[in-house]
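Undergrad: I'll drop the sequence and a predicted model, then ask my questions.
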Amino acid sequence: MKILFITSHAPGGPDHGARLRARNLMVQLRRFGDVHLVLAGSYEAYGCKTPNASEEFKPIRVFDFFPCPIKSVFERLRFEVGSDELNTHRVRAREEDEVELKYLISTYDLVWVHGLRVANGFNLWRWPKTILDIDDIPSEVVRNEIANARGVLHRLRAWRQYMIWRRHEGRLCERFDGIAVCSAEDRERFDGTPEVYVVSNGCDVPSVVPERIRFLPLRIGFVGSLEYGPNAGGMRWFLHHVWPRLLASFPEVTLRIVGKDSDRAEWVRFGNVDGLGWIADVESEMATWALTIVPIFEGGGTRIKVSTAFSRKCPVVSTQLGVYGYDVTDGNEVLIADAAVDFGGACLRVLEDHALGDQLADHAWDRFICNWTWAANSSCLAEIVKRFSEKPDGCGGE
């Protein structure tokens with residue numbers, strides 16, 4: 001089977017959630033056929049030298065996207081009240097690139113397109129033989145924004161955007177032969193349509209089962225790019241409303257932040273905060289943490305930082321949204337709290353009780369091995385490949 005994988009995230013470079021998902025799904029799909037990569041409208045410049053640049057997948061084609069603003073009243077009305085406008089992200093490929101991509105699609109047995117921005121950027125309504133991998137459902141991102149909106153005007157704007165996205169999402173099953181989402185909760189957004197598959201985010205299984213050590217002085221950690229709005233917003237909330245309480249009880253505790261932009265002055269100006277930037281060996285760093293925090297109130301999909309912590313036996317304290325899509329229970333695999341005082345209290349419980357941390361980490365590890373490794377998607381991907389291998393050539397239309 002020939003599989004075309006289209007994404008905006010080059011496989012090599014500093015790891016973040018979307019890049020990890022794209023790279024690992026290509027690895028898993030390679031078990032079923034030849035996988036060829038196309039980069040389209042990439043967020044990061046392809047070809048730059050990066051610490052973990054991968055030679056495993058080199059793109060057969062790189063398509064650029066260009067700004068495409070709404071220019072007329074008709075286009076604005078079509079976007080606001082219609083459901084077939086494709087200029088949803090204000091970017092578009094060249095017309096000759098759109099033609100070339102359509103030809104490429106016709107030469108493959110299965111196409112996997114990562115993200116609605118990529119799909120709509122080619123101004124193609126009908127994608128035959130194609131799975132849309134929509135790891136962040138746009139309406140869910142906006143719905144969480146509504147819940148945290150400050151002021152009536154902000155809330156009304158978010159509601160408007162929510163309704164626009166819901167109309168577009170309601171027609172995705174017309175446009176694609178299948179949809180991949182990150183969790184059972186996301187699948188429910190599509191009313192149980194059988195062509196919607198749960199392809200979970202995950203993490204690699206360590207070669208050796210991690211062992212928790214009590215590193216002194218105590219450390220708390222966070223993994224995530226702080227150029228990403230939901231991560232930055234959550235970190236601001238934690239530093240302003242939770243961190244002072246923890247320092248009052250444990251003056252020696254240190255917060256270690258790993259990820260792009262984490263070494264900026266905005267973060268390291270707080271006491272006992274180390275911004276490490278991007279580092280290659282997250283596992284060794286995480287082994288020194290008493291716990292990892294996931295203070296997330298916005299965004300969509302599931303967070304790979306959670307499965308990463310589970311895979312390292314690092315206890316997790318999270319908001320409810322932070323562990324969205326993971327079938328976990330407060331007090332069993334994680335501690336969950338949304339209010340600042342409760343979140344701080346949960347962190348203190350783990351800092352004070354190493355045995356509690358061990359218990360959380362062990363339960364989370366057991367669940368991780370069963371459900372949240374990348375290989376755990378094998379049966380679902382096999383089902384998808386089998387279904388598409390049985391489809392007649394040329395199914396679907398523009």
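TA: Here it is on my side, so go on. Numbering: from 1, shown residues only.
Undergrad: for Glu85, helix, strand, or coil?
TA: At Glu85 the chain is in coil, as set by DSSP: H, G, I helix; E, B strand; the rest coil.
Undergrad: measure it to Ile105 for me?
TA: 22 Å (C-beta to C-beta, to the nearest Å). No exception for glycine: its C-beta is placed from N, CA and C like everyone else's.
Undergrad: got it, and Ile179?
TA: Ile179 is 17 Å from Ile105, by C-beta to C-beta.
Undergrad: more neighbours, the two?
TA: Ile179 (23 against 20; other C-beta atoms under 10 Å).
Undergrad: Look up phi and psi at that one.
TA: Phi and psi for Ile179, reported as degrees, to the nearest 10, are phi -130, psi 130.
Undergrad: can you pull the contacts of it?
TA: Contacts for Ile179 were tallied using C-beta atoms under 8 Å, 6 or more residues apart in numbering; they are 131-134, 172-173, 190, 193, 195-197.
Undergrad: and Phe5, what are its bridge partners?
TA: On the basis of DSSP bridges, Phe5 is bridged to Leu37, Trp112.
Undergrad: Go ahead and confirm it touches Leu39.
TA: No. If you go by C-beta atoms under 8 Å, Phe5 and Leu39 don't touch, sitting 9.8 Å apart.
Undergrad: wait, what's in contact with Leu335?
TA: Residues near Leu335 by C-beta under 8 Å, 6+ apart: 315-318, 346, 349-350, 360.
Undergrad: Could you single out the nearest of those to Asp186?
TA: Ser318 (17.8 Å; C-beta to C-beta).
Undergrad: Next, work out how far apart the nearest residue to that closest one once chain neighbours are set aside and Ala287 are.
TA: Leaving aside its sequence neighbours, Ser318 sits nearest to Val294 (C-beta to C-beta, 6 or more residues apart in numbering; 3.7 Å). Computed as C-beta to C-beta, the Val294 to Ala287 distance reads 18 Å.
Undergrad: which one of these two has more residues nearby?
TA: Neighbour totals were compared for Val294 and Ala287, and Val294 leads with 23 against 16 (other C-beta under 10 Å).
Undergrad: Contact partners for that one?
TA: 222, 234, 303, 305-306, 309, 316-319, 322-323.
Undergrad: Do you know the pLDDT at it?
TA: With respect to pLDDT, Val294 has a value of 98.
Undergrad: how about it, phi and psi?
TA: Main-chain torsions, Val294, degrees, to the nearest 10: phi -130, psi 70.
Undergrad: Check the gap between it and Phe270 for me.
TA: Counting by C-beta to C-beta, the separation of Val294 from Phe270 is 19 Å.
Undergrad: where along the stretch 101-250 of the chain do the strands fall?
TA: In the stretch 101-250 of the chain, strands defined by DSSP state E, counting those that start in this stretch lie at 110-114, 127-133, 176-181, 196-198, 219-223, listed in chain order.
Undergrad: Would you convert the ones you listed into TSV that also reports distance to Arg21?
TA: Listed next are the strands of the stretch 101-250 of the chain as TSV, based on distance: least, C-beta to C-beta, whole Å:
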stretch	distance to Arg21
strand 110-114	7
strand 127-133	8
strand 176-181	10
strand 196-198	13
strand 219-223	15
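Undergrad: Just send these back as JSON lines, with distance to Asp34 and mean pLDDT too.
TA: Listed next are the strands of the stretch 101-250 of the chain as JSON lines, based on distance: least, C-beta to C-beta, whole Å; pLDDT from 0 to 100:
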{"stretch": "strand 110-114", "distance to Asp34": "11", "mean pLDDT": "97"}
{"stretch": "strand 127-133", "distance to Asp34": "15", "mean pLDDT": "96"}
{"stretch": "strand 176-181", "distance to Asp34": "20", "mean pLDDT": "96"}
{"stretch": "strand 196-198", "distance to Asp34": "21", "mean pLDDT": "94"}
{"stretch": "strand 219-223", "distance to Asp34": "33", "mean pLDDT": "97"}
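Undergrad: who wins for proximity to Asn144 among the ones you listed?
TA: So among those, strand 176-181 is nearest, using C-beta to C-beta, at 15.8 Å.
Undergrad: Give me the residue ranges of the stretch 101-250 of the chain where confidence is low.
TA: Applying pLDDT under 70 to the stretch 101-250 of the chain flags residues 192.
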